[in-house]
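>>> sequence first, predicted coordinates after that:
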Amino acid sequence: MSVVSAQSPPESVLTVPRAATSPAGLAPAARLWPSLAAVYRAQLSRARVARIPLLFVATFQSVGIMVMMRGVVDTRSEAQSVVAGSSVVVVAYVALNLLAQYFGQLRAAGGLDHYATLPVPPAAVVLGAAGAYASFTVPGTLVTAVFGCVLFGLPLTNLWILAAVIPLAGAALAGLGAAFGLLAPRPELATLLGQLGMSAALLLGVLPPDRMPGLVQLARDLLPSTYGVEAYARTFGERPDWAFVAANLGVCAGVGVISLAVATWAYRRAAVR
């Protein structure tokens, strides 16, 4: 599996909006949202070269899982879990696995030094990179979800719920991926952590929970992406439990805030070394 390039972006690519010069004559501080938009655009343009391979690998992996599970799944509820879990795995592949590799390589190559010279808030760097890589998951997730619904005979009526599942589950996983990459002492370890996290999202999210032993179900409850899986899976019924769906999406949102805050702290810690 290829590792995403983490060379420092040239300053001409990353144009950060600046605020007024500070009274002390120091470098002016940039506001969060303009800085976030600038980092997002820069990361999106740099990752665009690898976009087609990313979409193909992530989507092909999830579609292959559903095809293999087609002969194993017996009930409608199990089919719902497989389709929902396979769709969220696309998000985990990019937001968790590739982002861990990216920040691990960025730290090892000294790319953080570039951002440290700019008046960019740490949160803008983390959120901008996470948002750019998570954006690549949208087409693959939609293709996987539609293919899975057709394969298992599930309705496409509530497919719109992915508009909430993708960003919320993506935020939770992207925060973990960024933290893995920034806290790992070596890029190889960051890659390993990202791979392990994606494997956990795959096994614990795709397999029907009713067939799992109690200890594995407990581990499943600790993985934030499974709450996105549960939220999406509950929308296939004739009368979806929207309160349950909203509660699970709320957990994803809460974990996303915490994980991105940890990633921002990890960025500050790595940038000053």
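Nice, I can see it. Bear in mind that the values here come from a model prediction, so they are computed numbers and not experimental data. Numbering: from 1, shown residues only.
>>> check contacts around the residue lying closest to residue 153 once chain neighbours are set aside.
Nearest non-adjacent residue to residue 153, counting by CB to CB, 6 or more residues apart in numbering: residue 79, 7.8 Å away. Yep, even glycine has a C-beta here, placed from its N, CA and C like the rest. Counting by CB atoms under 8 Å, 6 or more residues apart in numbering, residue 79 makes contact with 73, 152-154.
>>> ok, now residue 143?
With contact taken as CB under 8 Å, 6+ apart, residue 143 is in contact with 59, 63.
>>> buried subset of the contacts of residue 79?
Neighbour-count burial (16 or more other CB atoms under 10 Å) is assigned, among the contacts of residue 79, to 73, 152, 154.
>>> any idea how far the first one lies from residue 128?
Going back to what we said before, that points to residue 73. Distance, residue 73 to residue 128, using CB to CB, to the nearest Å: 39 Å.
>>> so can I have JSON lines of the buried ones among the contacts of residue 79 showing distance to residue 43 and secondary structure?
As requested, those are exported to JSON lines (distance: CB to CB, whole Å; DSSP: H, G, I helix; E, B strand; the rest coil):
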{"residue": "73", "distance to residue 43": "38", "secondary structure": "coil"}
{"residue": "152", "distance to residue 43": "35", "secondary structure": "helix"}
{"residue": "154", "distance to residue 43": "35", "secondary structure": "coil"}
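>>> would JSON lines of these with distance to residue 174 be doable?
Shown next, in JSON lines, are the buried ones among the contacts of residue 79 (distance: CB to CB, whole Å):
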{"residue": "73", "distance to residue 174": "30"}
{"residue": "152", "distance to residue 174": "28"}
{"residue": "154", "distance to residue 174": "27"}
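>>> want to throw the residues you listed into CSV with pLDDT and distance to residue 95?
Shown next, in CSV, are these (pLDDT from 0 to 100; distance: CB to CB, whole Å):
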residue, pLDDT, distance to residue 95
73, 87, 26
152, 95, 25
154, 95, 24
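>>> nearest to residue 33, of the residues you listed?
residue 154 (38.7 Å; CB to CB).
>>> for the closest one, which non-adjacent residue is spatially closest?
Nearest residue to residue 154 in three dimensions, chain neighbours excluded: residue 236, at 5.1 Å (CB to CB, 6+ apart).
>>> what do you get for residue 40?
Using CB to CB, 6+ apart and skipping residues adjacent in sequence, the residue nearest residue 40 is residue 128, 4.2 Å away.
>>> ok, now which ones touch the one you found?
Shown in contact with residue 128 (CB under 8 Å, 6+ apart): 35-40, 42-43.
>>> which among those gets closest to residue 120?
Nearest to residue 120 among these: residue 35, at 4.8 Å, using CB to CB.
>>> rewinding a little: the contacts of residue 128 in helices, which ones?
35-40, 42-43 (DSSP state H).
>>> quick check on those residues: which are buried?
Neighbour counting with 16+ other CB under 10 Å marks 35-36, 38-40, 42-43 as buried within those.
>>> mind telling me what element the residue nearest to residue 40 is part of?
helix 122-135 (DSSP states H and E).
>>> residue 197 and residue 246, how far apart?
Residue 197 sits 26 Å away from residue 246, going by CB to CB.
>>> residues contacting the residue nearest to residue 181 when sequence neighbours are not counted?
Counting by CB to CB, 6+ apart, residue 103 is the residue found nearest to residue 181 once chain neighbours are left out, at 2.8 Å. Going by CB under 8 Å, 6+ apart, residue 103 touches 6, 129, 177-178, 180-182, 190.
>>> filter those residues down to the buried ones, ChimeraX style.
In ChimeraX, this line selects whichever of the contacts of residue 103 come out buried by 16+ other CB under 10 Å:
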select :6,129,177,178,180,181,182,190
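>>> of all the contacts of residue 103, which comes closest to residue 98?
Checking those against residue 98 with CB to CB, the nearest one is residue 177 at 7.4 Å.
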